[in-house]
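Asker: A structural model of the following input is requested.
(2 chains)
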Amino acid sequence: MEAALWAEKYRPKTLNEMRNQTDIVNRLKKFVETKTMPHCLFAGPPGTGKTTGALCLAHDLFGERYMDLFLELNASDTRGIDVIRTTVKDFARISTISGAPFKILVLDEADNMTGDAQQALRRTMEKYTNTCRFILCCNYSGKIIEPIQSRCAIFRFTPLKHEDVLDYLRFIANNEKIELTDDGLHALIDFAEGDMRRGINILQSATSLSGKIDEDTIYQVVGMAKPEDVKNMLNLTIEGDFIKARESLRNMLLRSGLSGTDILKQIHSEIYKLDIDEQKKVELADAAGEVDFRLVQGADEEVQLGALLAKISLYTK
Amino acid sequence: MSQLPWTNKHKPKNSGEVVGNKEAIESLKNWVLSWKRDGTDKKATLMHGPPGMGKTVLVETLAKELNFDLIEMNASDLRSGKVIDNVIGSAVEQQDLFQRKKIILIDEVDSISPKKDRGAVQSILKLIESTNYPIVMTANDVWDPKVRGLREKSLLIQFKRISSREAFPFLKKLLDEESVEIDDDALKSIIQRNEGDIRSMINDLQMISAGKKRIIKDDIAWLAWRDRKEPIFDALKLVFTSKDCFTARRALDISEVDYEMLFEWIYENVPRQLSDSSDMVNAMEALSKADLFIARTKKHQAWSLLSYVIDLMTAGVAMARERTKPAWIPMKFPQRISLMSRTMRERALMRGVGSKIGNKCHLSSKSSVRDYMPYLKIIMKNNAKSASSLEEWLELDEELINYLKS
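Answerer: Predicted coordinates for the structure are as follows:
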């Protein structure tokens, strides 16, 4: 059946349908023409077309039967070394019988793989290059170990341009026969922040509220989708109610599915907007960096972010 | 994960089976039965009392028992008055074609946020004026100024803590149905530590009986913190009042809990005990260091590092106290642990939805929850047609659907 979530329904199926990341798409089309490709690393922010690029590439290379020659694994769900040793190896080592030159294995969210798993992957990639090409997708290429980076052609996906997001959302609105006002469209673009997926999700949920979508509808949806937000938590911190701020942090971590790193990133971008000495902003940035590093080391998200909030509360007094 | 939460599985089948609060149950039942649109009685009821006393369960059970339709909404759904009007406004004002009786349940009205849910209280008040059906609200704190308007328009029904006399046979029977045996003193101590909150008693029991046929006192030793006589309180006193490191460090020895549990206790109480904010910041800093050392200890299996963890979390916090004046402030049970056990089911459902989305949308279940779920919820709640095609496409089962719509 047709995908019920628009972000999926309107995901391009072929490279020709991809309307942005033009340079990258052109290079991928060359791979299709020559029926060859290296291992690839797709790096860039969410919703910029990494997975779509990989899916379209596989589709264009292998045609309709691409699902047999293509395996997609999500490293966040299956991040351990065992998966690399078994699933990945089993897929990679069996060569194709259908005359296709190779198979493609996509590892999504590869920056969430453990170091050990990455080491194991590195050997696998090397050993089975003849039968299988890897596409690793990640937000930060820095979290991928050097030896893997050096084995891959690196593609940097940039945040989508406002016009691109705007055109596509308008296209979807027309196709779904939605009345989308200009101010609604602009609010939508603002909240999407270059993330096509978010833009489409906001649009679809706004449609469920009202037949006509204007600025108010968009604000309403965004408000409903983010009951506990980082700004609210920071306000509580600044007002000196640390206990409440910590509760809000706890709720976000346990109930909204945000990770400590997601929250830290938002705190970090808010630091510069605080009404405090410029020197203190640097100190807070330093503290935030320390927290980020500690989280990578496996420290507790709430305790570390809590300590950071405490610091902010002192500085904003 | 597939195991049903006991709090659901053992929901009472009729109002007689609801534990405790017999008077409250009777008054609610009588009020619902005698409710008339043009009667002189109050048009709404506000049931109040601490969490986990069975307020919501009672309404659900009563509706089933009396064969009423239940229209339920949670106050946290009410982003603004508009939403209330849309969702239940029409249901309240129209007479049902088939003359089905209805109860409107608005849960947790005291959690309405005055800023963000602007207009919510006004809308509920309007609803009470015009309703064709009895409206039942619940609240933990009925004296919260936010709900003053609602309080005046409602019949107040108080829910008291479940006594151990009432809880004991109920829990015993529940465990019996689960084929789990329990020693009497173990059950008593679970009842005691939950201070009349029947829901968390059931959650605790489910948690500790996982994979066990018999529960003895030792099994719950690590749960036995709420009793004010427990050594943990003496240990905390050392952490928050010692003047030297050596004494502070003794806290772990006398606490009779493991270092992680002691950490949770200290972490919960630092901002409560240390009223001076720079003391508080320093103590949090020490704790965050201790936490980092815990992470390293575990990562490298280097248990000798634990010694430094203990230093930082006990002595480190004790020495952070420089300017805070002595005062007696009661110690609070680690709220993080309570919230984890309260949201156990919610989080399992969240992960369930996440993996369903992930299967279709090329995303990890974690990212699916973050990127899709808030929007999915909005659609599921507000648009029946899109909801049903989503249910089919994502292959959601009934439990997940209910979660997304709640």
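
Asker: Look at B:Gly49 and report its pLDDT.
Answerer: With respect to pLDDT, B:Gly49 scores 87.

Asker: What values do phi and psi take at the residue nearest to it when sequence neighbours are not counted?
Answerer: The spatially closest residue to B:Gly49, leaving aside those adjacent along the chain, is B:Phe159, at 2.9 Å (Cβ to Cβ, 6 or more residues apart in numbering or on different chains). All C-beta atoms are positioned from the backbone trio N, CA, C, and that covers glycine. Note on B:Phe159: its backbone torsions stand at phi -110, psi 130 [degrees, to the nearest 10].

Asker: Surely B:Phe159 is in contact with B:Gly54?
Answerer: Yes: counting by Cβ atoms under 8 Å, B:Phe159 does reach B:Gly54; the two are 7.3 Å apart.

Asker: Could you name every residue contacting both of those two?
Answerer: B:Asn21 (Cβ atoms under 8 Å, 6 or more residues apart in numbering or on different chains).

Asker: Return the residues of the stretch 301-406 of chain B in contact with chain A.
Answerer: By the rule Cβ under 8 Å from any Cβ of the partner chain, the part of the stretch 301-406 of chain B lying against chain A is B:335-336, B:339-340, B:343, B:346-347, B:350, B:354-355, B:357-358, B:360-367, B:369-379, B:382-383, B:386, B:389-390, B:392-394.

Asker: ok, of those residues, which come out buried?
Answerer: The neighbour count (16 or more other Cβ atoms under 10 Å in any protein chain shown) marks B:335-336, B:339, B:343, B:350, B:354-355, B:357-358, B:360-367, B:369-379, B:382-383, B:386, B:389-390, B:393-394 as buried among these.

Asker: so what pLDDT did the spatially most central residue of chain B get?
Answerer: Centroid check for chain B by Cα atoms, centre = their mean gives B:Arg342 as the closest residue, at 4.4 Å. Predicted confidence (pLDDT) for B:Arg342: 84.

Asker: who touches it in this structure?
Answerer: B:Arg199, B:Ser200, B:Asn203 are the contacts of B:Arg342 under Cβ under 8 Å, 6+ apart.

Asker: and the second one, how many residues sit next to it?
Answerer: Okay, so that is B:Ser200. Close neighbours of B:Ser200, defined as other Cβ atoms under 10 Å in any protein chain shown, add up to 20.

Asker: can you give me phi and psi for it?
Answerer: Residue torsions, per degrees, to the nearest 10, at B:Ser200 are phi -70, psi -20.

Asker: Hmm, B:Ile337 and it touching each other?
Answerer: No: assessed by Cβ under 8 Å, B:Ser200 is found out of contact with B:Ile337, at 10.5 Å.

Asker: Please work out how many residues are found near the nearest residue to A:His59 once chain neighbours are set aside.
Answerer: Of all residues not flanking A:His59 in the chain, A:Tyr66 sits nearest, at 5.1 Å (Cβ to Cβ, 6+ apart). Close neighbours of A:Tyr66, defined as other Cβ under 10 Å, add up to 18.

Asker: Spatially nearest residue to B:Met280 (excluding sequence neighbours)?
Answerer: Excluding its sequence neighbours, the residue lying closest to B:Met280 (Cβ to Cβ, 6+ apart) is B:Leu274, at 4.3 Å.

Asker: got a list of what that neighbour touches?
Answerer: By Cβ under 8 Å, 6+ apart, B:Leu274 lies in contact with B:Phe240, B:Met280, B:Ala283, B:Ala320, B:Arg321, B:Thr324.

Asker: what about the fourth one, distance to B:Ala251?
Answerer: What it means is B:Ala320. Computed as Cβ to Cβ, to the nearest Å, the B:Ala320 to B:Ala251 distance reads 14 Å.

Asker: next one: the third one
Answerer: Counting by Cβ to Cβ, the gap from B:Ala283 to B:Ala251 is 14 Å.

Asker: Show me the longest helix that occurs in chain A.
Answerer: Counting residues, the longest helix in chain A under DSSP state H turns out to be helix A:278-296.

Asker: The stretch 101-250 of chain A against chain B: which residues are in contact?
Answerer: Going by Cβ under 8 Å from any Cβ, the residues of the stretch 101-250 of chain A near chain B are A:108-109, A:112, A:197-198, A:201-202, A:204-205, A:207-209, A:220-221, A:223-227, A:240, A:242-243, A:246-247, A:250.

Asker: Was I right to think A:Leu209 contacts A:Ile218?
Answerer: No: shown here, A:Leu209 and A:Ile218 do not form a contact pair, counting by Cβ under 8 Å, at 9.9 Å.

Asker: So A:Val83 versus chain B, what's the distance?
Answerer: Distance from A:Val83 to chain B, counting by Cβ to the nearest Cβ, to the nearest Å: 13 Å.

Asker: Check A:Thr129 too.
Answerer: With Cβ to the nearest Cβ as the criterion, A:Thr129 and chain B are 24 Å apart.

Asker: Look at B:Leu70 and tell me its secondary structure.
Answerer: Secondary structure state of B:Leu70, per DSSP: H, G, I helix; E, B strand; the rest coil, is strand.

Asker: residues in contact with the closest residue to B:Phe240 other than its chain neighbours?
Answerer: Counting by Cβ to Cβ, 6+ apart, B:Gln273 is the residue found nearest to B:Phe240 once chain neighbours are left out, at 4.7 Å. By Cβ under 8 Å, 6+ apart, B:Gln273 lies in contact with B:Phe240, B:Thr324, B:Ile329, B:Met331.

Asker: Would you format these as JSON lines with distance to A:Asp300 included?
Answerer: Putting the contacts of B:Gln273 into JSON lines (distance: Cβ to Cβ, whole Å) gives the following:
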{"residue": "B:Phe240", "distance to A:Asp300": "21"}
{"residue": "B:Thr324", "distance to A:Asp300": "24"}
{"residue": "B:Ile329", "distance to A:Asp300": "24"}
{"residue": "B:Met331", "distance to A:Asp300": "21"}
